[in-house]
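S.K.: here is a sequence with its predicted model. Questions after.
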Amino acid sequence: MDLFIDFETYFDSQIKYDLKHISVTEYIRDPRFKVFGAGIAFNGDPVKWLNSKELNVFFKRTNLQNCTIIGHNIKFDGAILAWHYNVLAGQWIDTKGMSRAVLGKSIKNHSLATLAEHFKLESKGHLNTNGKLTLTPQEEKELADYCIHDVELCREIFDRLVIDFPTSEYSIMDQTIKMFVQPKLKLNVPLLRDASVEEAKRRANIFAEIGIDKSVFASNVKFPVLLSREGYEVPTKESPRKKDEQGNSLKIPALALGDPDFLELMENGDERLKTLCEARIAAKSTLLETRSAKLASIGQTGNWPFDVEFSGADQTHRFSGGSGAGGNPQNFTRGSVLRKAVEAPEGFELIVGDFSNIELRIQAYLSKDPGLIEAIEKNRDIYCDFASAFYGKTITKADEKERRFGKTAILGLGYGMGWLKFIKTVRLQTGETISEEQSRKAVDLYRTRYNQIPELWKKLDSYISKLCNPEGIYQEFGLPVKFVFGELLLPSGLKIRFPNLRRELGERNQPEWIYDVYTKGHLEKRKLYGGKVLENICQGLAGEICKDSMRELEDLVVGQVHDELLILSSKGLLASNLGRVKRAMTNSPSWLKEMKLDAEVGHGTNWLEAK
DNA sequence: GCTTGACGCGCC
DNA sequence: AAAAGGCGCGTCAAGC
C-alpha cells in the first residue's frame, strides 16, 4: 500500500520561524510548531484533506508500518510523522530524490512547480499563509485545495519518475531517510558550545590585536586595498566567472587559501604581511564557529538527524550533504571537535569503515594497468612506489615528505591533470614549490609508469562520439558501464547524463565535446574529454560499491560520508559487527569481480575516536 | 529591506 | 594535443 502525503504547517518569516532561517530539525522540534493539516491519498484514491484533529484520529486508527509513504521532500513530512505522531513507514520514498536521480542537471531545479511544468501537468498553485497562526474556515478551505493539488502533483510526478528509477535504489533511498527521521547519534552539547565560544574569542583576538576591524579582512574589496596601502603588491588571477565585453576573463585579487601566490605572501619573511594574511584567513574561516553553534542548538533538542541527499551529486549519483540538521556532515573539519561531538548513545559503540583508495582501485582494474594492479594485490604502498621511481631511490613510509608527494601525484594525475595544475596542486597539498621541470617529470612518469591509464583516457575519448548516436545501441567496450545516446548507464541502472552533447569549436578553433548542465538555475556549458569521462565513471562506480555495503549492513548504518560508513553497534556485539562491517566493505562488486577491495574499520565512543 | 551573484572555505 | 571534479554554507557587494 502506498500513502502519498503532504503536511501544511504554520510558519512566520517575520519572527524568523521558517525554513529559511532555521533547519528542518529545529523547525519541527520548536514549541511553536503547528500542523494545520495534511493532504493524503492511498494509492490512486482521491486525495483527502485532514485537519489537525482528523489527523490525530487517523494516525491512531491506521497502521502504516507496512506502508510505503511517498512525498516530495519526504524527510520533512517523515520527520513530522516520526517525531510528532510516532508514525514510522515500512518504506520511505522521496520524489525529489527520484527526480535528482532520473532527471539530474537536465532540469533547472527539482521543486514541485518545476517538475509539474516539466511533465506538462496543471501548474502548482500559489498560497501564502505566512504569519497566520489560526485559519478562518475560508482560509482552511483554500489551504486544503492547494494542498490536495500538491499531493496530486506529487503522485503524478511519482508515476512518471518511477519508469526510469532503478529498482535497486529504493532501499538505499529508504536508508538515507531513516538516518534522518529515526536519528540514533548524540551530540555533545557542552563540548560544541565551548568550542564555538573559544573559536569566536580566538578570531576576535586576532582582529583586536591588529586594531583593524574584521570586516576589512573579510571583504574582497577592502582587503586588497589595505595591502596596497601598506605597500604590498597584490597578486591577481583570472576570475572564473566575471568577463568583460569581449568575453575575456577579468583579473581579480588572488588572496585565498587556494591561491599559491597568497601562500607565498605569507612565507616571504615579512612579519607584518604574515600577520595580515593570517587575519584574512581567520576572517574567512567561519565554519568551526558557526557550525559548532548550530550543532549545539540541534543537540539540545534531541538526537542528531544525519542528513545526506540521495543522488545529490546528480552527475555521479553520489550523496551530497544535507542542511536539515545543523549543516553539511560531509565537510566537518578533519580531526576537529565537530567530529568528536558526534557520539554513540549509552551502551553503543560507533564503528567507522573507510574504503581504502577506492577510486584508485577502480581506475586500476578498469584500465587493467599491470603496475597499479600488482601494487594493489601485493599490498605495496603505491604512494611510495611512485615516489621511489620519481626520486630514483627507495622511499618508505618514514620518508614523509617524499611519500606525501607520491600521494599527491597518484591521487591527482589519474584524470588527466597537466603540469601547470600539478604545480598548484602540489603547492596547496604539500606546501612544496616544484619547478616546471619537476612537474613535467612527474606527469610524464605517471603516464609512462601506469601507461594503461592514458590508454583508457584515449579510448574513452573516442567513445564519446558513440554517446551521440541517437539509435541508442548499448555498447560496453569491456567496461561495467553501457554507452547509450547521451548517457552512461551504471550497473545499478542510474545514468550519468551529458545533455545536449555536441561538437563545438573552442579556443584556437579546436573542436571540443560540449554538454549543457543547470547549475544554480542557470544553463552552463561543460567540456567533456576522456579523463573526465573516467572520473565520472570512477566516482559513480565508487558510489555504487558504497551503496552495496549500505544495503548489506541494513539498519546498522547511521551515517555516510563519501567513502565512509558510520555504523552503530551495541557493545556486546562489537566484535562480530566489526567483522561484519569489514566483510561488507571488502566484497568485490558483481560487475568487477577481479577487483580487490580493502577498508579500514575502527571504533570508538565518538566519530573522531572511531576514525 | 530583500534577493541574487560572486567568492572563499570546508570535505572527498 | 591537452584537459581533475563535485558538493553545501557563510559572507559581502550589487541590484532592485
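M.R.: Done, it's in.
S.K.: tell me the mean pLDDT over stretch A:530-537?
M.R.: Along stretch A:530-537, the predicted confidence averages to a pLDDT of 92.
S.K.: is it positioned near DNA strand C?
M.R.: Yes: using C-beta under 7 Å from any atom of the strand as the criterion, contacts between stretch A:530-537 and DNA strand C involve A:530-532, A:535. Quick note: C-beta positions are derived from backbone N, CA and C, even for glycine.
S.K.: farthest pair in these?
M.R.: A:G530 and A:E535 (9.8 Å; C-beta to C-beta).
S.K.: interface residues of chain A facing DNA strand B?
M.R.: Among all residues of chain A, those adjacent to DNA strand B (criterion: C-beta under 7 Å from any atom of the strand) are A:220, A:239-242, A:252-258, A:280-281, A:284-285, A:287, A:321, A:328, A:330-334, A:520-522, A:561-564.
S.K.: and the buried ones among those residues, selectable in PyMOL?
M.R.: Once 16 or more other C-beta atoms under 10 Å is used to decide burial, the buried members of the residues of chain A next to DNA strand B can be selected in PyMOL as follows:
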select buried, chain A and resi 252+253+254+255+280+287+321+328+330+332+561+562+563+564
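S.K.: just the ones in strands from the residues of chain A next to DNA strand B, please.
M.R.: Restricting those to those inside strands, with DSSP state E as the criterion, leaves A:239-242, A:252-253, A:321, A:522, A:561, A:564.
S.K.: reformat those as a markdown table; add pLDDT and distance to A:K96.
M.R.: As requested, those are exported to a markdown table (pLDDT from 0 to 100; distance: C-beta to C-beta, whole Å):
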| residue | pLDDT | distance to A:K96 |
| --- | --- | --- |
| A:S239 | 81 | 33 |
| A:P240 | 74 | 29 |
| A:R241 | 72 | 28 |
| A:K242 | 71 | 32 |
| A:I252 | 87 | 35 |
| A:P253 | 89 | 39 |
| A:G321 | 87 | 15 |
| A:H522 | 78 | 20 |
| A:V561 | 91 | 21 |
| A:E564 | 92 | 24 |
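S.K.: from those, which are also near DNA strand C?
M.R.: Filtering those for proximity to DNA strand C (criterion: C-beta under 7 Å from any atom of the strand) leaves A:G321.
S.K.: nearest to A:P31, of the ones in strands among the residues of chain A next to DNA strand B?
M.R.: Taking C-beta to C-beta as the measure, A:P31 sits nearest to A:G321 out of those, at 28.0 Å.
S.K.: contacts for the helix or strand of chain A with the lowest mean pLDDT?
M.R.: Across the helices and strands of chain A, mean confidence by mean pLDDT, DSSP states H and E is lowest for strand A:236-243: a mean of 78. Under the contact criterion C-beta atoms under 8 Å, 6 or more residues apart in numbering, strand A:236-243 has outside partners A:249-254, A:259, A:261.
S.K.: now with 7 Å, please.
M.R.: A:249-254, A:259 (C-beta atoms under 7 Å, 6 or more residues apart in numbering).
S.K.: out of the residues you listed, which comes closest to A:K184?
M.R.: Lowest distance from A:K184 to the contacts of strand A:236-243 (C-beta to C-beta) belongs to A:D259, with 41.5 Å.
S.K.: spatially nearest residue to the spatially most central residue of chain A, not counting backbone neighbours?
M.R.: Taking C-alpha atoms, centre = their mean, the centroid of chain A lies closest to A:S320, which sits 2.3 Å from it. Nearest residue to A:S320, sequence neighbours excluded (C-beta to C-beta, 6 or more residues apart in numbering): A:G312, at 2.5 Å.
S.K.: which of the contacts of strand A:236-243 sits closest to A:M595?
M.R.: Within the set of the contacts of strand A:236-243, A:D259 lies nearest A:M595; the separation is 38.0 Å, counting by C-beta to C-beta.
S.K.: can you lay out the contacts of strand A:236-243 as a markdown table showing distance to A:A89?
M.R.: Below are the contacts of strand A:236-243 laid out as a markdown table (distance: C-beta to C-beta, whole Å):
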| residue | distance to A:A89 |
| --- | --- |
| A:S249 | 50 |
| A:L250 | 52 |
| A:K251 | 54 |
| A:I252 | 49 |
| A:P253 | 52 |
| A:A254 | 51 |
| A:D259 | 48 |
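S.K.: from those, which shows the smallest pLDDT?
M.R.: Looking at the contacts of strand A:236-243, model confidence by pLDDT dips furthest at A:S249: 70.
S.K.: neighbours of A:T394, just the number please.
M.R.: Close neighbours of A:T394, defined as other C-beta atoms under 10 Å, add up to 9.
S.K.: which residues touch it?
M.R.: A:T394 makes contact with A:S388 under the criterion C-beta under 7 Å, 6+ apart.
S.K.: nearest to A:K593, of the ones in strands among the residues of chain A next to DNA strand B?
M.R.: Compare each of those with A:K593 using C-beta to C-beta and the shortest gap goes to A:E564, at 24.0 Å.
S.K.: show me what contacts that closest one?
M.R.: Contacts of A:E564 by C-beta under 7 Å, 6+ apart are A:352-354.
S.K.: with A:H317 instead?
M.R.: Contacts for A:H317 (C-beta under 7 Å, 6+ apart) come out as A:101, A:311, A:494, A:540, A:543.
S.K.: so which strand or helix has the last one?
M.R.: If I follow you right, that is A:G543. Here A:G543 is covered by helix A:530-553, with elements defined by DSSP states H and E.
S.K.: just the CA atoms of that helix, as PDB, please.
M.R.: Output of helix A:530-553 as PDB, limited to C-alpha atoms (Å, rounded to 0.1, in the frame of the first residue of the first chain):
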ATOM      1  CA  GLY A 530      38.400  11.100 -21.800                       C
ATOM      2  CA  GLY A 531      39.900  11.900 -18.400                       C
ATOM      3  CA  LYS A 532      36.700  13.500 -17.300                       C
ATOM      4  CA  VAL A 533      34.600  10.500 -18.500                       C
ATOM      5  CA  LEU A 534      36.900   8.300 -16.500                       C
ATOM      6  CA  GLU A 535      36.400  10.500 -13.400                       C
ATOM      7  CA  ASN A 536      32.700  10.400 -13.700                       C
ATOM      8  CA  ILE A 537      32.700   6.600 -14.200                       C
ATOM      9  CA  CYS A 538      35.000   6.100 -11.200                       C
ATOM     10  CA  GLN A 539      33.100   8.300  -8.900                       C
ATOM     11  CA  GLY A 540      29.800   6.800 -10.000                       C
ATOM     12  CA  LEU A 541      31.100   3.200  -9.500                       C
ATOM     13  CA  ALA A 542      32.600   4.000  -6.100                       C
ATOM     14  CA  GLY A 543      29.200   5.300  -5.100                       C
ATOM     15  CA  GLU A 544      27.600   2.100  -6.200                       C
ATOM     16  CA  ILE A 545      30.100   0.000  -4.200                       C
ATOM     17  CA  CYS A 546      29.400   2.100  -1.100                       C
ATOM     18  CA  LYS A 547      25.700   1.600  -1.600                       C
ATOM     19  CA  ASP A 548      26.200  -2.200  -1.900                       C
ATOM     20  CA  SER A 549      27.800  -2.100   1.600                       C
ATOM     21  CA  MET A 550      25.000   0.000   3.000                       C
ATOM     22  CA  ARG A 551      22.400  -2.400   1.700                       C
ATOM     23  CA  GLU A 552      24.200  -5.300   3.300                       C
ATOM     24  CA  LEU A 553      24.600  -3.600   6.600                       C
END
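S.K.: I'm done for today, thanks for sticking with me.
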